[in-house]
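>>> Sequence first, then the predicted structure, then my questions.
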Amino acid sequence: MDRNDKVALLEESVFENDIKCLWVFAYGSLCWRPGFEFHKAVPGSVTGFQRRFWQGNTVHRGTTEKPGRVATLVEDLSEGEVHGVAFALTGSEALSYLSNRECAQGGYMSKFIDFQPIEGERFKVLVYVATPLNPHWLGDADLDEIADQIVTSEGQNGHNVEYLLRLANFMRAHFPDKKDEHLFSLEEKVLWKINVNQMCLKTMMGSGEGCISFMQKPSSRESSPSQERRNREGGRVETFEHTARVPNTKLRCLNI
């Protein structure tokens, strides 16, 4: 069975039998620029993995001659945890779009894993993961080497620096108490190299078109004393859903 047959079988199984939506876990650029319409988005995490910039990209954030570096999940069963967003898709068109973007163009494979929302019970999500078996795999390297690749790579949808910095900013804004050592150390090195080489960061970041903002959804339930105290103190309430929607347009391939 080839890849297209597997995608078709997955689409058929997911959207039959009165199943109304499929949840997809975003841990890279899908967090801030999904490129598809969705019913809702919920923040949370998956365990048993670490986020690493070990996957190459030759289309969106690099070229064949100079591949960019994008994120994947690497198994770490001891203490791995990755924070991101679970999106509830609203139709099979979105899945086809993701399968083309992530698998056909990006070299990722799909699998189902458990997702733990900030509030509520675990549920299954579809996630796209790269492995050493795909042709775009770059693998582990010294952070300086990875940073050099990111600073000097650009694809048809923008600079590799934008991918890294917008992801780091998203995680810092929505998971301020969580530390991603690999992501933030890489961000620091990239910013240092840009400054030392007197490069134009504003140009690298592009227009930001397509970025989405996640708003806190007020709970219909009565707030607990601890939640009310955090509200008064300006702290983050850990019992909200992110409710955001891409503008009502046709599905299109945005920055990966």
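Great, that's in hand. Everything quoted here is computed from the prediction, not taken from an experiment.

>>> Quick one: the strands in the chain, in order.
Ranges of strands in the chain, per DSSP state E, are 23-26, 38-47, 49-57, 68-75, 81-89, 109-117, 123-129, 154-155, 158-159, 215-216, 242-243.

>>> Export the ones you listed as CSV, with columns for distance to K178 and mean pLDDT.
Bear in mind the C-beta positions are built from the backbone N, C-alpha and C, glycine included. Shown next, in CSV, are those (distance: least, C-beta to C-beta, whole Å; pLDDT from 0 to 100):
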stretch, distance to K178, mean pLDDT
strand 23-26, 15, 95
strand 38-47, 8, 93
strand 49-57, 11, 97
strand 68-75, 15, 97
strand 81-89, 5, 95
strand 109-117, 13, 95
strand 123-129, 18, 95
strand 154-155, 28, 96
strand 158-159, 26, 95
strand 215-216, 17, 46
strand 242-243, 15, 36
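
>>> Would you tell me which of the ones you listed gets closest to D177?
Ranking these by proximity to D177 (C-beta to C-beta) places strand 81-89 first, at 10.0 Å.

>>> what's the closest one packed up against?
With contacts defined as 3 or more C-beta pairs under 8 Å, 6 or more residues apart in numbering; DSSP states H and E, strand 81-89 has these neighbours: strand 23-26, strand 38-47, strand 49-57.

>>> Ranking helices and strands of the protein by mean pLDDT, which lands last?
strand 242-243 (a mean of 36; mean pLDDT, DSSP states H and E).

>>> circling back to that earlier point, now render the strands of the chain as TSV, adding mean neighbour count and distance to D177.
What follows is the strands of the chain, written out as TSV (neighbours: other C-beta atoms under 10 Å; distance: least, C-beta to C-beta, whole Å):
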stretch	mean neighbour count	distance to D177
strand 23-26	23	20
strand 38-47	19	12
strand 49-57	22	17
strand 68-75	24	21
strand 81-89	23	10
strand 109-117	16	15
strand 123-129	20	22
strand 154-155	20	33
strand 158-159	24	29
strand 215-216	12	16
strand 242-243	17	16
